[in-house]
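[1] 3D, please:
(chains A, B and C)
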Amino acid sequence: MRHDHLITSKQLSRADIETVLDHAAEIDADRSAVADKYADRLLGLLFFEPSTRTKLSFETAMKRLGGDVIDMGSVDSSSVTKGESLADTIRVIEGYADALVLRHPKQGAATMASEFVDVPLVNAGDGAGHHPTQTMLDLYTIRENAGLDDLTIGIMGDLKYGRTVHSLAHALTKFDAQQHFISPDSLALPREVVYDLHQEGASIREHDALEEVLPSLDVLYVTRIQRERFPDENEYQKVAGEYQIGPDSLSSASDDLTIMHPLPRVDEIAPEVDDTEYAAYFEQAHNGVPVRMALLDLLLGDSDE
Amino acid sequence: MRHDHLITSKQLSRADIETVLDHAAEIDADRSAVADKYADRLLGLLFFEPSTRTKLSFETAMKRLGGDVIDMGSVDSSSVTKGESLADTIRVIEGYADALVLRHPKQGAATMASEFVDVPLVNAGDGAGHHPTQTMLDLYTIRENAGLDDLTIGIMGDLKYGRTVHSLAHALTKFDAQQHFISPDSLALPREVVYDLHQEGASIREHDALEEVLPSLDVLYVTRIQRERFPDENEYQKVAGEYQIGPDSLSSASDDLTIMHPLPRVDEIAPEVDDTEYAAYFEQAHNGVPVRMALLDLLLGDSDE
Amino acid sequence: MRHDHLITSKQLSRADIETVLDHAAEIDADRSAVADKYADRLLGLLFFEPSTRTKLSFETAMKRLGGDVIDMGSVDSSSVTKGESLADTIRVIEGYADALVLRHPKQGAATMASEFVDVPLVNAGDGAGHHPTQTMLDLYTIRENAGLDDLTIGIMGDLKYGRTVHSLAHALTKFDAQQHFISPDSLALPREVVYDLHQEGASIREHDALEEVLPSLDVLYVTRIQRERFPDENEYQKVAGEYQIGPDSLSSASDDLTIMHPLPRVDEIAPEVDDTEYAAYFEQAHNGVPVRMALLDLLLGDSDE
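    Now for the predicted structure:
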């Protein structure tokens, strides 16, 4: 794999994805081989929206590679408050750093920004657009726990607005996966996403309850239902309650079921589930480090390699 | 000394404390021996409340040991705004870092958090609870300036709400110290703290004026009286004025008196005192670095050492 | 050059300036000689005002020298909110760092602060006062693009409030430069600055339109006209419009014209200019790194060198 920028997981072939996941697994097993590899390199972090785990895990990944980061800081404390355009900000910071990570509230921001810079740029989320490194760590976690072939996965919660979910669903079409989508009607997968998935040859089914499909699942991927999507608090409570996972909801699950969640969660998964063999969501968050180390290594490495 | 977590100075024996202080003194004299010791280690900083000196001195300490930090940043720019629990935040960040430092507004937060993590966790202040590294640097400063045995110390100001003061008072019971507490009635040491100190065998006396005890003191530890504790501004002005230290207040002091303050100060100590031989409060702040280097070295070092 | 602090470019002789610019050029050509020079040194960043490029380029410079930074963070998250004085904050942080960089909204803050510290302090902007490292990178960019001798430069925009402009104008009096100042009457250079420049032997002329002087210019230095200076929005629009640079404004310019801007810009220079040979403002921003590396190297280096 050799790409100048990483904007969407759609740009990656199955072989590209496997290169990243294999390299992440190597690093996860023994990171000493890359521990000082980028001692003189700086990664520029430009987060125009709040983030804990994405930003920190990029920072951790770069430092675990021996490098360092420079962080634009929050929007409040930057020149953005003086009316500077994203294109200008990114062209200035390009001069300081060897690669850039961008999160921005506007869809398409990463694509636009990438046209102005010569150093590699990684999209860490552009509004309702893409977040490819999240998808890569999700795929890595699925592969480690259940395998990516002959996979039956349930994806549950807010399927309408969930950037993470759409991106994962598209990536899974490159593997032999049966995808079940579980949500209330009002938060179902948008019709154009369903259409695109069919075009890509995906095997998908939609459900409004978990019970009917739970016994067949290798992986259950739960997402947060955001209160602010609902005009009426009662409506939210009703919907949210039906898609919560507690110890009781799992009686018909396979012993090998893996439960994932991109975090942060509010109450979609009860704390009692944390200590069961099912729970893989903290491992999933931790996988952000080796996966991002692998991606940064592939982006920063010499193109002759 | 070998502890998995450092939550309160109460967990440390006199021998433990002396191990830390001795090691801090070694580092203070020559830090070259540890300058690259933790080159591949990351310290995670989780500060849920504003802090300058504590956070910066932990960061400095880790970097002076050759390591690096990752900082969750302010609460505004983190997932906490999405309703994530402290237990979840800490379990995620545990996966990125080799040790954690936590400051949190709720008493007991560090104890709770420590139950969820496998890496060492240091409490950097939990509301009205504990702040053991402040106590250690206070003890270090006292030892360097006046010695910890046969010590006569005055502790003045807000003794009611002062976490720093309670923690120091408890720690001093492990040494041969005569403690004088000087405050207005409304800010006196809580009765349960007095009771506990007596139980621990402390030699303590309470006063409402400094004059009567000043000549006997080796150390005078001044704390800030917080304006926001007083419903009435006039009441505050009256009380605060009586417990301010200026050049005139010190005429009956011993030539060897050491004046300390945890900082930040507002006007408890007049700037004219800064240039006298008495003033040790900036040295005290600076001692945060060798003391925290010593603590981190002891926590991160191999248990076989 | 050997100075304990860098407060204003006025303190630097022509020879001092050339020493910095020559060293910056060496570093720019090959930074490997200094890449690990300050591996155990920490630079303390104290920014009491928002900043992107200045703060990030100091951070980048220090890290490109092998060192690291500690950052006080935004004022909101620091002890300053508890009423601490600048003198106290700086004396505490002095104990953590090997050199300090200070930006503060009050003119004279850097001079005052420098009296309290023993480590080198660099002024990164003190209100309407000085910002010497900006001047040095401006001079460096001029030298690289047009040379500093036999120079004809136009400085346009807000000349009344522009700290950057005053500082640059003073520094240019040490070289053989013809300076043209172009602005609306209401934003003309203050009379006392004109007086001082004449005292320093400067060759200056003032204009209210660019056309009359454009053909003669080697360099055109554009600054932002700040909307908030104008009580009336219409007045702002009229003035700002007349001092905007677009492709059409440049028909009479020399082919060798270099256009500079301290950034951030709003609409003083149209995006169409970015891709012309004239544009040097992103290069100018990037020059902040080698120039600040040179300055830090000269301040941190052994005095025997």
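[2] A:Phe282 contacts B:Gly95, correct?
    Yes. The pair A:Phe282 and B:Gly95 passes the contact test of Cβ atoms under 8 Å, sitting 6.8 Å apart. Every C-beta, even on glycine, is put in place using the N, C-alpha and C of the backbone.
[3] the two - which one has more neighbours?
    Ranked by neighbour count (other Cβ atoms under 10 Å in any protein chain shown), A:Phe282 and B:Gly95 place B:Gly95 first, with 22 against 17.
[4] tell me the contacts of the more buried one?
    B:Gly95 makes contacts with A:Phe282, A:Glu283, A:Ala285, A:His286, A:Val289, as judged by Cβ atoms under 8 Å, 6 or more residues apart in numbering or on different chains.
[5] kindly recompute the last result at 6 Å.
    Under the criterion of Cβ atoms under 6 Å, 6 or more residues apart in numbering or on different chains, the contact list for B:Gly95 reads A:His286.
[6] which helices and strands does the helix or strand A:Val194 falls within pack with?
    Following DSSP states H and E, the helix or strand that holds A:Val194 is helix A:191-199. Under the contact criterion of 3 or more Cβ pairs under 6 Å, 6 or more residues apart in numbering or on different chains; DSSP states H and E, helix A:191-199 touches no helix or strand at all.
[7] with only the CA atoms kept, save that helix in PDB.
    What follows is helix A:191-199 as a C-alpha-only set of coordinates in PDB (Å, rounded to 0.1, in the frame of the first residue of the first chain):
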ATOM      1  CA  ARG A 191     -32.100   4.200   1.600                       C
ATOM      2  CA  GLU A 192     -29.100   5.400  -0.400                       C
ATOM      3  CA  VAL A 193     -26.700   3.500   1.900                       C
ATOM      4  CA  VAL A 194     -28.800   0.300   1.500                       C
ATOM      5  CA  TYR A 195     -28.800   0.900  -2.300                       C
ATOM      6  CA  ASP A 196     -25.000   1.400  -2.400                       C
ATOM      7  CA  LEU A 197     -24.400  -1.700  -0.200                       C
ATOM      8  CA  HIS A 198     -26.500  -3.800  -2.600                       C
ATOM      9  CA  GLN A 199     -24.600  -2.400  -5.500                       C
END
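[8] going by neighbour count, which residues in that helix are buried?
    Neighbour-count burial for helix A:191-199, counted by 16 or more other Cβ atoms under 10 Å in any protein chain shown, picks out A:Val193, A:Val194, A:Asp196, A:Leu197.
[9] what does stretch A:235-253 give?
    Of the residues in stretch A:235-253, those with enough neighbours to count as buried (16+ other Cβ under 10 Å) are A:Tyr236, A:Val239, A:Ala240, A:Tyr243, A:Gln244, A:Ile245, A:Ser249, A:Leu250, A:Ala253.
[10] and these near chain C, which?
    Under the cut-off given by Cβ under 6 Å from any Cβ of the partner chain, chain C has nothing from the buried residues of stretch A:235-253 close to it.
[11] can you name the residues in contact with the helix holding A:Val194?
    Residues outside helix A:191-199 that contact it (Cβ under 6 Å, 6+ apart) are A:His166, A:Ala169, A:Ile204.
[12] can you check the pLDDT for A:Gly162?
    We have a pLDDT of 81 for A:Gly162.
[13] oh sorry, the question was meant for A:Ser77
    At A:Ser77, the pLDDT value in this model is 56.
[14] for A:Val222, same thing?
    What the model reports as pLDDT for A:Val222 is 97.
[15] for A:Asp302, same thing?
    Per-residue confidence at A:Asp302 stands at 60 (pLDDT).
[16] any stretches of chain A with poor pLDDT?
    For chain A, applying pLDDT under 70 flags the ranges A:1-3, A:76-82, A:302-305.
[17] break it into its domains for me.
    Using the TED database, the domain ranges for chain A come out as A:5-130+A:286-303, A:133-285.
[18] and the shortest one, how far out from the chain middle?
    Taking Cα atoms, centre = their mean, to the nearest Å, one finds domain A:5-130+A:286-303 lying 13 Å from the centre of the chain it belongs to.
[19] next, count neighbours for A:Arg229.
    In terms of burial, A:Arg229 registers 14 neighbours under the definition other Cβ under 10 Å.
[20] run the chain-centre distance for the helix holding A:Val194.
    With Cα atoms, centre = their mean, you get 20 Å for helix A:191-199.
[21] contacts for the helix or strand following that helix, please.
    The C-terminal neighbour of helix A:191-199 among helices and strands, as given by DSSP H and E, is strand A:203-207. Strand A:203-207 has contacts (Cβ under 6 Å, 6+ apart) with A:Gln178, A:Gln179, A:His180, A:Phe181, A:Ile182, A:Leu197, A:Val213.
[22] quick one: which of the residues you listed has the most company?
    Looking at those with neighbours defined as other Cβ under 10 Å, the largest count falls to A:Ile182 at 26 neighbours.
[23] by neighbours, which of the contacts of helix A:191-199 wins?
    A:Ala169 (26 neighbours).
[24] how many residues are close by A:Asp30?
    The burial count assigned to A:Asp30 is 9, neighbours taken as other Cβ under 10 Å.
[25] swap that for A:Ala285, please
    Taking other Cβ under 10 Å as the neighbour definition, A:Ala285 ends up with a count of 28.
[26] just want the residue of chain A that's nearest chain B.
    Closest contact between chain A and chain B, by Cβ to the nearest Cβ, is at A:His286 (3.1 Å).
[27] who's in contact with that residue?
    For A:His286, the contacting residues are B:Gly95, taking Cβ under 6 Å, 6+ apart as the criterion.
[28] quick check: the gap between it and C:Val165.
    Note on A:His286: its distance to C:Val165, by Cβ to Cβ, to the nearest Å, is 51 Å.
[29] kindly report the same for A:Thr8.
    As defined by Cβ to Cβ, A:Thr8 lies at a distance of 44 Å from C:Val165.
[30] more neighbours: those two, which one.
    Remark: of A:Thr8 and C:Val165, C:Val165 carries more neighbours, 24 against 19, as counted by other Cβ under 10 Å.
[31] now the more buried one: which helix or strand?
    Taking DSSP H and E as the criterion, C:Val165 maps to helix C:163-172.
[32] for burial, what's the neighbour tally of A:Val291?
    The burial count assigned to A:Val291 is 28, neighbours taken as other Cβ under 10 Å.
[33] and whichever helix or strand it is part of, what other elements does it pack with?
    Using DSSP H and E, A:Val291 sits within helix A:288-300. Secondary structure elements in contact with helix A:288-300, counted by 3+ Cβ pairs under 6 Å, 6+ apart, are helix A:14-29, helix A:53-64, helix A:132-145.
[34] and the residue of the stretch 1-150 of chain A nearest chain C?
    Counting by Cβ to the nearest Cβ, the stretch 1-150 of chain A gets nearest chain C through A:Gly95, at 3.1 Å.
[35] for that residue, phi and psi?
    Its backbone dihedrals place A:Gly95 at phi -70, psi -10, with angles given as degrees, to the nearest 10.
[36] likewise the one 5 residues further on?
    For A:Leu100, the backbone dihedrals (degrees, to the nearest 10) come out as phi -130, psi 150.
[37] now for it: which residues touch it?
    With contacts defined as Cβ under 6 Å, 6+ apart, A:Leu100 is in contact with A:Gly44, A:Leu121.
[38] so what's it bridging to?
    When assigned by DSSP bridges, A:Leu100 has beta-bridge partners A:Gly44, A:Leu121.
[39] now the residue most central in space within chain A. Nearest residue, chain neighbours left out?
    Nearest to the centroid of the C-alpha atoms of chain A, with distances taken as Cα atoms, centre = their mean, sits A:Gln134, at 1.6 Å. Here the nearest residue to A:Gln134 in space, its sequence neighbours aside, is A:Thr164; by Cβ to Cβ, 6 or more residues apart in numbering or on different chains that works out to 5.5 Å.
[40] gap between that neighbour and chain C?
    Noted for A:Thr164: a distance of 29 Å to chain C, by Cβ to the nearest Cβ, to the nearest Å.
[41] that residue against A:Pro262, yeah?
    Yes. Shown here, A:Thr164 and A:Pro262 form a contact pair, counting by Cβ atoms under 6 Å, at 5.0 Å.
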